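**Student:** sequence first, then the predicted structure, then my questions.
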There are 2 protein chains.
Amino acid sequence: MTHSAYENLCERFREIDKLEHAITYLNWDQMVMMPPKGSDSRSGSIAELAGLCHAKLTAPEVEAWLAEAEGAGDNELSIREMKRVWRNANCLPAELVKSQIVAGSKCEMGWRTQRAANDWQGFLKNFKPVVEISRREATLRQQASGAKTPYEAMLALHCHGDSEALIDSVFKKLRAVLPGLLQRVVEEQGPLKVAQQAEYPIENQISLNKEMLATLGFDFEAGRLDQSMHPFSTGSAGDSRITTRYEADTFLDSLAGTAHEVGHASYESMLPENFKGLPIGESRNMCIHESQSLLFEKQIFCSKAFMHFLTEKIHHHLPAAHYMGASDLWEIGTRVAPGKIRVEADEVTYLLHVMLRYEIESVLINGEIEPEDIPELWNEKMMSYLGIDTTGDYTNGCMQDIHWTDGAFGYFPSYTIGAINAAQIFAKIKAEHTDWQDRFSKGDVKFVRDWLSNQIWSKGCELESQELMQSATGSVTQAESLIEHLEARYLRGEY
Amino acid sequence: MTHSAYENLCERFREIDKLEHAITYLNWDQMVMMPPKGSDSRSGSIAELAGLCHAKLTAPEVEAWLAEAEGAGDNELSIREMKRVWRNANCLPAELVKSQIVAGSKCEMGWRTQRAANDWQGFLKNFKPVVEISRREATLRQQASGAKTPYEAMLALHCHGDSEALIDSVFKKLRAVLPGLLQRVVEEQGPLKVAQQAEYPIENQISLNKEMLATLGFDFEAGRLDQSMHPFSTGSAGDSRITTRYEADTFLDSLAGTAHEVGHASYESMLPENFKGLPIGESRNMCIHESQSLLFEKQIFCSKAFMHFLTEKIHHHLPAAHYMGASDLWEIGTRVAPGKIRVEADEVTYLLHVMLRYEIESVLINGEIEPEDIPELWNEKMMSYLGIDTTGDYTNGCMQDIHWTDGAFGYFPSYTIGAINAAQIFAKIKAEHTDWQDRFSKGDVKFVRDWLSNQIWSKGCELESQELMQSATGSVTQAESLIEHLEARYLRGEY
């Protein structure tokens, strides 16, 4: 029995998917369960599996199958996505990948102590080779993909389909509006009436988070909620793994984190089953992925109506929170307070943090600035966008994030494009369900899940990202969608 | 740079070891963490990994490397063990392995309901093909290994190095002594003074088990204790995973189970590091493995001296257990009460359960009886050894165990040979440390761990199992070691 080239490709990608399943859950275990001394053996096993996946993907027969399958004319979209995955894996020489891992891991390891020690010069020494290698990577990826600039080729790893031109035009609009909007919100918001000032036992927070997850449509027969240092979501259909992080003196942060992760998990759980294991059956890109998590976090969880619903549950699980009503909780949850740290930032400030990083990393990778220029640029932009002085404070300035340490350039914009996509998608859902606030206040989000499942989740990679936005919302990604949302929530206090 | 055949073999076995690492922790996750709907994807991933391991082990170059490495004359013991592993994987045709998995999984699935329904005829229909395939397997393994009988070839999978002749002679001695010993113990033991009759909260049992684990030398930086339906131990050096099972109305069972599993885990954790990833660096066989778990459970945990130490901890974690003193707890923990079920049996009765199974499975695989003959044989032996009538009760008779359903013949004897080895090893340790009871009563077991580490754990597979027993205890496995232990504990009440 002979197989067609396309059938051979499907079989190969499904084999790789089964090995990636192992990597996924070994990684989860490492973050959530593994005792510290297990680390060496675990790294060895994951590296072996990753090497096998890479070898299976870049074996010579795959290129031949791709050429033959393209010639056959069927399954065009599926082959397009296979080719994208294959090209991403195939366009870098092994020597570069290896030196990147070495340089990145050295830089990240050093960063862990250098950041705390505010040691920019020490960091710079390890960071320069990382940038150097990433520029070579970007150039090679540009050659293979036909991207307009080296940075756009890096962007495509995370935001495939969203061009540098589109992202640039979006940030241009945000730049004109956000700093002023932020200032106005800060000036106009009154002082908080109450604060989270009791002890909220972790075990009660866990049961509260679990109840909220069930309300948001999470299936505990097909997933788990655990704890980890940094909240994340991973897994696949049938087995989602969400983590969050609890602190005894605040419960809104863990709830917001859990709501965020259930958006990621829902997308991964509801991808098209008939394409399981194939690139076309995967999530579209990180701008769409982040839109799903931000829709659950910012559009659902942070809304007045959902907070109204949740307040009763909060009071039930956390009797010590009784003194706070729904409007108090909403005010705390949507409080705007510009600060130096991205991961602690509110919904408005966060966008400016990302804009600053985007502006710096794009010119860095395109070779217009050098690593040593970063602090000055950072300080200027922090002052200009947020009115905050970070001069000399590398710890809480340009050394605060892990992303750049191992060369993950091109990732940051997905946060902001995701926030825009979320606002734009949710505006469409609201227009089709004008009773949305009434439904949220009863804990009903099924209509949102159904809409997302039809319009986004079930599409996998059949559509390119902007085709997907067009088909779902009637328009490509538009900065105005987010600006309208921010004004409605933060200036007009509508929801 | 060319590698020697032996270096190539080492590299290949280390690659396989890294994939087996993944299988190990994916299996653990499946038993302990995975939500039910994750099951299909998980089976697919594990099957893919197992297939890769098998392909890497049976690839033609491995046979060539083995021949060349043997010719070179170095690393004799390491190559001997590589060849054993290779032969076990290589001697069965793929068709047989596949039909065995299908037949075994059908039989096991059916058994889950047939056992409860006491449906022997229904079970028999699925069980006959399993036996048929296992007989073919046994014959092929016999041809490849030169074992004296087909059953001995199956034994060698679990008890490699312990011949059928040795095991037969051991069981012959036990058969002459144990039924009478059991009867005498039952007649002479007085009624229990007190029983476990309160509620012992699970979370307190967990902290008690963790404290006992630490006392027994378990390193929580290199391992975890969790819960699962059936207690087990898995993992590797640096990352041991032990599970136990708690019930609110008894705490001694979970403690005994945990003590048992820490024996397994300690052996796996302390194997020779310089042979990591190679067959010679693995545990010797299941008769030695089980001796380590039974030494921790029966020789340490069940001793009067250790129970004396533990009583204070029990009272601390479980205030409801205050009414029981050390001697009460020892009496409960060493109570002898013959019954139908192996997994619920006491130390003496258990041995007779295993003997019965050994006697049946050996003649079954050697073709001297047929599957339909099992119930009658079972009933006869239960009456003769335990004085218990199981006629017509398949549920609690010959259908109670999972082992035979998927063809795991040759495993049962390792429980009893393990118990003998444990008694024999511990007799040696006691002779060298006459103050052992004094040390146990203070919670000091380090001298036992040090001894085992030197004499057993650090040896890996350098010695064959009976060479290991000879070097560690001065003698091969002798039934008398166990009989002496049972008489000392159960007739003379010595420890």
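**Tutor:** Nice, I can see it. Numbers count the residues shown, from 1 in each chain, chains lettered A, B, ... in the order given.

**Student:** so what's residue A:261 up against?
**Tutor:** A:231-233, A:242-244, A:293 (CB atoms under 8 Å, 6 or more residues apart in numbering or on different chains). Glycine gets a C-beta too; all of them are placed from N, C-alpha and C.

**Student:** the closest residue to it other than its chain neighbours bridge partners, please.
**Tutor:** Leaving aside its chain neighbours, residue A:261 sits nearest to residue A:233 (4.0 Å; criterion: CB to CB, 6 or more residues apart in numbering or on different chains). In this entry, residue A:233 is beta-bridged to residue A:242, by DSSP bridges.

**Student:** so residue A:233 touches residue A:266, yeah?
**Tutor:** No: look at residue A:233 against residue A:266 with CB atoms under 8 Å: they stay out of range, at 9.3 Å.

**Student:** where does residue A:435 fall, phi/psi-wise?
**Tutor:** phi -90, psi 20 (degrees, to the nearest 10).

**Student:** for the residue nearest to residue A:261, give me its contacts.
**Tutor:** By CB under 8 Å, 6+ apart, the neighbours of residue A:233 are A:240-243, A:261-262, A:264-265, A:268, A:293.

**Student:** and the strands in the stretch 1-150 of chain A?
**Tutor:** Along the stretch 1-150 of chain A, no segments are classed as strands by DSSP state E, counting those that start in this stretch.

**Student:** spell out which parts of it neighbour chain B.
**Tutor:** A:15, A:18-19, A:21-22, A:25-26, A:29, A:33-42, A:44-45, A:47-49, A:52 (CB under 8 Å from any CB of the partner chain).

**Student:** inside helices: which ones of the residues you listed?
**Tutor:** A:15, A:18-19, A:21-22, A:25-26, A:29, A:39-42, A:44-45, A:47-49, A:52 (DSSP state H).

**Student:** ok, residue A:69 touching residue A:7?
**Tutor:** No: Residue A:69 lies out of contact with residue A:7 (CB under 8 Å); the separation is 9.0 Å.

**Student:** residue A:415 in helix, strand or coil?
**Tutor:** Secondary structure, DSSP: H, G, I helix; E, B strand; the rest coil: residue A:415 is helix.

**Student:** contact partners for it?
**Tutor:** A:290, A:350, A:354.

**Student:** possible to save these as CSV with neighbour count and pLDDT?
**Tutor:** Formatted as CSV, those follow (neighbours: other CB atoms under 10 Å in any protein chain shown; pLDDT from 0 to 100):
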residue, neighbour count, pLDDT
A:290, 26, 98
A:350, 18, 98
A:354, 22, 98
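
**Student:** tell me which of these is nearest to residue B:454?
**Tutor:** residue A:290 (56.2 Å; CB to CB).

**Student:** CA atoms only for the host helix or strand of that closest one, dumped as CSV, please.
**Tutor:** Residue A:290 is part of helix A:286-294 when elements are defined by DSSP states H and E. The C-alpha trace of helix A:286-294 is given here as CSV (Å, rounded to 0.1, in the frame of the first residue of the first chain):
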residue,chain,number,x,y,z
MET,A,286,0.2,34.6,19.7
CYS,A,287,-1.7,37.8,18.8
ILE,A,288,-4.8,35.6,18.5
HIS,A,289,-3.9,33.5,21.5
GLU,A,290,-3.3,36.5,23.7
SER,A,291,-6.6,37.9,22.5
GLN,A,292,-8.4,34.9,24.0
SER,A,293,-6.8,35.2,27.3
LEU,A,294,-7.3,39.0,27.5
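
**Student:** doesn't residue A:156 make contact with residue A:167?
**Tutor:** No: here residue A:167 does not reach residue A:156: they are 11.1 Å apart, not a contact under CB under 8 Å.

**Student:** in contact with residue A:301, which residues?
**Tutor:** So residue A:301 contacts A:255-256, A:259-260, A:307, A:310, A:333 (CB under 8 Å, 6+ apart).

**Student:** and the gap between it and chain B?
**Tutor:** Separation of residue A:301 from chain B (CB to the nearest CB, to the nearest Å) stands at 23 Å.

**Student:** and if you look at residue A:109?
**Tutor:** 20 Å.

**Student:** give me the number of residues near that residue?
**Tutor:** 13 (other CB atoms under 10 Å in any protein chain shown).

**Student:** and what of residue A:285?
**Tutor:** For residue A:285, using other CB under 10 Å, the count is 24.

**Student:** same question, residue A:371
**Tutor:** Residue A:371, neighbours per other CB under 10 Å, totals 18.

**Student:** packing partners for the lowest-mean-pLDDT helix or strand in chain A?
**Tutor:** The weakest-scoring helix or strand in chain A, judged by mean pLDDT, DSSP states H and E, is helix A:94-114 (a mean of 92). In terms of contact count using 3 or more CB pairs under 8 Å, 6 or more residues apart in numbering or on different chains; DSSP states H and E, helix A:94-114 is assigned the packing partners helix A:120-145.

**Student:** how far does the helix or strand just after the helix it packs on sit from the chain's center?
**Tutor:** The helix or strand immediately downstream of helix A:120-145 is helix A:150-159, counting by DSSP H and E. Distance, stretch centre to chain centre, for helix A:150-159: 15 Å (CA atoms, centre = their mean, to the nearest Å).

**Student:** by contact count, what packs against helix A:150-159?
**Tutor:** helix A:120-145, helix A:164-188, helix A:286-294, helix A:347-365, helix A:413-432.

**Student:** quick one: contacts of it?
**Tutor:** With CB under 8 Å, 6+ apart, helix A:150-159 has contacts from A:88, A:134-135, A:137-139, A:141-142, A:144-145, A:147, A:162-164, A:167, A:285-287, A:361-362, A:365-367, A:409-411, A:413-414, A:417, A:465.

**Student:** just the buried residues from those residues, in PyMOL please.
**Tutor:** The buried subset of those, as determined by 16 or more other CB atoms under 10 Å in any protein chain shown, is captured in PyMOL by this line:
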select buried, chain A and resi 88+134+135+137+138+141+142+145+147+162+163+164+167+285+286+287+361+362+365+366+409+410+411+413+414+417+465
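
**Student:** how far does stretch A:438-455 stretch from start to finish?
**Tutor:** One end of stretch A:438-455 to the other measures 23 Å (CA to CA, to the nearest Å).

**Student:** centre of the chain to it, how far?
**Tutor:** 22 Å.

**Student:** for the record, mean pLDDT for it?
**Tutor:** In this model, stretch A:438-455 has a mean pLDDT of 98.

**Student:** for chain B, give me its nearest residue in the stretch 101-250 of chain A.
**Tutor:** Proximity of the stretch 101-250 of chain A to chain B (CB to the nearest CB) peaks at residue A:239, 3.1 Å away.

**Student:** can you report how many residues lie near the closest residue to that residue other than its chain neighbours?
**Tutor:** The shortest distance from residue A:239 to any non-neighbouring residue, by CB to CB, 6+ apart, is to residue B:38 (3.1 Å). If you count neighbours by other CB under 10 Å, residue B:38 ends up with 25.
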